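Asker: fold the following for me, if possible:
(one chain, ligands or ions: 2)
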Amino acid sequence: MPADKAEKSFVSHAFSVYRYILVNSDKQPPEQDQAIIVAEDVYRTFEIGSSRIEVLRGVSLEVQAGEKLFLCGASGAGKTSLLYTLAGLEKPNQGKVLISGESLYEMNRSRQARCRNRRMGYVFQSYALLPELTACENVCLPAMIGGKNSLQRAGELLDRVGLGDRLHHLPPELSGGEQQRVAIARSLMNDPEILFADEPTGNLDSKTGAEVMDLLLSLVDEQNKTLLVVTHDSSLAQSGDRKLELVDGLMNN
Ligand SMILES: Nc1ncnc2c1ncn2[C@@H]1O[C@H](COP(=O)(O)OP(=O)(O)O)[C@@H](O)[C@H]1O
Ligand SMILES: [Mg+2]
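Answerer: Ligands and ions are numbered 1, 2, ... in the order given. Next comes the predicted model:
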């Protein structure tokens, strides 16, 4: 076959293969500027006895991939509730959370768990480390849950957060700042796209807190993550790309 005919035939074959994949795929290719997290009119209500607390009263927001977003607000404003709802940890009473366009709370339980384990990493104010596991084992935990054992990667991550010489320490043998570094390393274990951090410096003195926040931000930049930080300290929010404020369960922006 002459070269130009062969080329034409290849192009038409490639086109038909591509069209076949597109038509037969149950998933449309993602829109280019689709937000990685979308909250649509989210409500969260707690009922204790006869009293009813409306914590989130119709919150909508979008987070773009790669964005560093700080969510601020006074104590009791509903920040943790919103973070947990966006992070797949607490189902809203009403409204939707979409992760890359897919409705998080409409996924079946195992898909939702896989989404949390593989696509999301978590850093909490109180570190949430298991006290009977070493730093290295704590970091490895998200991989173990997913059926892998990557103590070597856990060690490398601990090295990256400056704790290469603390691999076998138990959490009570570490300072608060060191424990939070372990938690940050753990949040990165499965190389997730999104990191959620709830008051990550809330238990630390200001110097250690600033160091931990700098570390978190530089890792997020270095590894191209999306970051959502909840804090009551709006001065911290200056280091993000965008700041949102929650007031009485509503977004004040
Ligand atoms: N599990 C719960 N049961 C009952 N009330 C809750 C629960 N979680 C949070 N709240 C209430 O919701 C409000 C907002 O809490 P939270 O989201 O933790 O606020 P923030 O993180 O901004 O301090 C508070 O008044 C709190 O007491
Ligand atoms: Mg809170």
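Asker: who touches stretch 60-72?
Answerer: Applying Cβ atoms under 8 Å, 6 or more residues apart in numbering, the contact partners of stretch 60-72 are 33, 35-42, 79, 82-83, 95, 193, 217, 220, 224-234, 236-237, 239-246, 251. Where you see a C-beta, it was placed from the backbone N, CA and C, and this is true even at glycine.
Asker: apologies, that question was intended for stretch 180-187.
Answerer: 121-124, 127-129, 135, 138-139, 141-142, 154, 157-158, 160-163, 166, 171, 174, 195, 197, 200-201, 203-204, 212, 215-216, 219.
Asker: which of those residues are close to ligand 1?
Answerer: For ligand 1, no contacts are drawn from the contacts of stretch 180-187 by Cβ under 6 Å from any ligand atom.
Asker: now, of those, which are buried?
Answerer: Neighbour counting by 16 or more other Cβ atoms under 10 Å classes 121-124, 127, 129, 135, 138-139, 141-142, 154, 157-158, 160-161, 163, 166, 171, 174, 195, 197, 200-201, 203-204, 212, 215-216, 219 among these as buried.
Asker: among these, which ones are in strands?
Answerer: If you go by DSSP state E, the buried ones among the contacts of stretch 180-187 have 121-123, 195, 197 in strands.
Asker: and stretch 76-93, how far out from the chain middle?
Answerer: 13 Å (Cα atoms, centre = their mean, to the nearest Å).
Asker: that stretch - what's its average pLDDT?
Answerer: Here stretch 76-93 scores 97 as its mean pLDDT.
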